[in-house]
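S.K.: Make a model of this:
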Amino acid sequence: MHILSTVAADLLAHRGRLAGRHLARLADWERADAEVVLDLAVVLKDLQARREPHPHLEGRTVGLLFAKPSTRTRVSFEVGVAQLGGTSLFMDAGTLQLDRGETIRDTAYVLGRYLDGLVVRTFDHADVEELARYAAIPVVNGLTDATHPCQGLADALTIKEKLGRTAGVRVAYVGDGNNVLDGLADACTAFGMELVAASPPGYELERDDVELMRDPREAAEGADVLYTDVWTSMGQEAEMAKRRRDLAGYTIDDDLVAVAGPDALVLHCLPAHCGEEIAESVLYGPQSGVWDQAENRLHVQKALLSLIVR
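M.R.: Take a look at the predicted model:
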């Protein structure tokens, strides 16, 4: 057995207390447990690169219940479950009896009898909470309008890989105070990072633990990480023109990166709209960690499922 498999086995001993745990918000988890997810993700990433088998979900089926379009979340979970030796089942919420009025509670009861775990990507965060309340299996938030915990875990892993640490890292977020920022805020709290957010009036994240600024340049000064997301999220398409006007100037471009400095890491959860929240030269530039960040969704989610699925 490769030494990495031994390390993975040691980390998987934490299943004893984590099996069956839901992940609706990252803030619901103890810091030590979140750190186990990152540690295991590092090991599983290396095992996959070596093509060493790690079938921690052999004989298990994980459902993917999606009410929103997806690239990274769907593909990373489907590939991840396969790499762990399990089976994934994609379910478009619009094709289930939910669309004809069956209650979330009844759906949770039924899916809990068929599946070993459930990933939910939807609009209303309360739906995830209700599924977790009634399903007899672990439920993972794959994104709601409120928060994005799996993205936050991937962000933390990317920062740790690129900067060698998370403790004391200063993260500057620029743009709309949305669900991604909420998940990032939870990750910063969990892993000892400082977070500042520059957003225009009316676009602030309503959290007391995030330092708010108006000037992106002020936020970027001294930042180890610059982070942004789209100006118009799913379900907000009717507001696109207004959002472009209101968020003009809140772009991570070469000038803003220069304020942060040559060692600053640039992150974006994707999809990106070059010329709006990020410049093309930055997205594809030497300080971009965006593609590693996208890949790390796969590894943290594999670690998470390995720990919580019985």
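S.K.: Tell me which helix or strand P200 sits in.
M.R.: Using DSSP states H and E, P200 falls within no helix or strand.
S.K.: wait, doesn't it sit right on L247?
M.R.: Yes: in this structure, P200 is within contact of L247 by Cβ atoms under 8 Å, at 6.2 Å. Yep, even glycine has a C-beta here, placed from its N, CA and C like the rest.
S.K.: Looking at these two, which is more packed in?
M.R.: Taking neighbours as other Cβ atoms under 10 Å, P200 and L247 compare with L247 leading, 21 against 18.
S.K.: could you list every residue that touches the closest residue to the more buried one other than its chain neighbours?
M.R.: Leaving aside its chain neighbours, L247 sits nearest to W231 (4.6 Å; criterion: Cβ to Cβ, 6 or more residues apart in numbering). For W231, the contact set (Cβ atoms under 8 Å, 6 or more residues apart in numbering) comprises 175-176, 240, 243-244, 247, 250, 273, 276-277.
S.K.: List the ones among those residues that fall in helices.
M.R.: Among the contacts of W231, the members found in helices (DSSP state H) are 240, 243-244.
S.K.: give me the element the residue nearest the centre of the chain is part of.
M.R.: By Cα atoms, centre = their mean, the chain has its centre lying nearest to Q151, at 1.0 Å. Applying DSSP H and E as the criterion places Q151 in helix 149-163.
S.K.: for G63, same thing?
M.R.: Assigned by DSSP H and E, G63 falls within strand 61-66.
S.K.: Pull the residues that contact that strand.
M.R.: 73-74, 77-78, 81, 86-93, 96, 111, 114-122, 131, 142, 305, 309.
S.K.: about what we covered before: quick one: buried ones out of the ones in helices among the contacts of W231?
M.R.: Taking 16 or more other Cβ atoms under 10 Å as the criterion, what is buried in those is R243.
S.K.: For the ones in helices among the contacts of W231, give me TSV that also has distance to V37 and pLDDT.
M.R.: Output for the ones in helices among the contacts of W231, formatted as TSV (distance: Cβ to Cβ, whole Å; pLDDT from 0 to 100):
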residue	distance to V37	pLDDT
M240	35	88
R243	33	94
R244	36	96
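S.K.: Going by distance to A41, which of the ones in helices among the contacts of W231 wins?
M.R.: Top of the list for closeness to A41, among those and by Cβ to Cβ, is R243 at 33.5 Å.
S.K.: any idea how far N179 is from the residue nearest to the centre of the chain?
M.R.: The gap separating Q151 from N179 is 9 Å, by Cβ to Cβ, to the nearest Å.
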